[in-house]
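J.: attaching a predicted model along with its sequence, questions to come.
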Amino acid sequence: DQSIALSWLRFELSAVGRLTESAKIPTGVPEYPMIDFPQITMLIVGERINTSRKIKGELIIEKAVQERDAAYIENLAKTQVEAGAHYIDVNSGTLPTGEPEALEWLTQVVQNCVDAPICFDTPNPEALERALAVYDVKKGQPFINSITAEKKRYAEVLPIVLQSKGKVNRQYLRIEIGRA
């Protein structure tokens, strides 16, 4: 199913390795920047700032984002960085309305409280564009976590990724293309 978003493991850790010759993007898929971290063998992405996460059965993150509870979000970001996260993933995709505004707000809150770069987890081009517009590249290169192999979405999101000089992980794109 091409509509499945590319994503990291749903927990806290994600391994990123170098591409081997056999893992290259299939012919006909446009080239785009790939994340490359030669100094580390595992990329740790803190994924707790996600509106779909439930805590004791409640959508507490979603509520914090809707109510713009910056202190709660800041605490999540700081805790993850202190635990060793290289990137902080932000996702507001389950909001019934206002994902672009929410992702923009999350970007500002997270980058104002930690020095880690942000991993943007949205296939929504408007949300991604708004978040990247306020992103401080001094924090590090932005990482786009969700880009689907669905042609329409790919065509909408890829130019934004290229313009922002953001990175995506081609290994996950290859997996999703392989399922198509």
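T.: Everything's here; your move.
J.: so which residues of this structure form strands?
T.: For the chain, the strands defined by DSSP state E cover 13-14, 43-50, 87-91, 118-120, 143-144.
J.: how close does the residue nearest to residue 168 when sequence neighbours are not counted sit to residue 53?
T.: Distances taken as CB to CB, 6 or more residues apart in numbering place residue 144 nearest to residue 168, at 4.9 Å, with adjacent residues excluded. Glycine gets a C-beta too; all of them are placed from N, C-alpha and C. In this view, residue 144 and residue 53 are 20 Å apart by CB to CB, to the nearest Å.
J.: could you do residue 139 as well?
T.: Applying CB to CB to residue 139 and residue 53 gives a distance of 23 Å.
J.: now residue 62
T.: On the measure of CB to CB, residue 62 and residue 53 end up 8 Å apart.
J.: ditto for residue 145
T.: For residue 145, the distance to residue 53 equals 15 Å [CB to CB].
J.: quick one: end-to-end length of stretch 79-87, please.
T.: In stretch 79-87, first residue to last residue: 12 Å (CA to CA, to the nearest Å).
J.: same thing with stretch 83-94?
T.: Using CA to CA, the two ends of stretch 83-94 sit 26 Å apart.
J.: and that stretch, what's buried?
T.: 85-93 (16 or more other CB atoms under 10 Å).
J.: repeat that for stretch 109-122.
T.: 109-111, 113-114, 116-122.
J.: dump those into TSV; add distance to residue 72 as well.
T.: As requested, the buried residues of stretch 109-122 are exported to TSV (distance: CB to CB, whole Å):
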residue	distance to residue 72
109	9
110	12
111	16
113	11
114	14
116	18
117	21
118	17
119	19
120	20
121	18
122	20
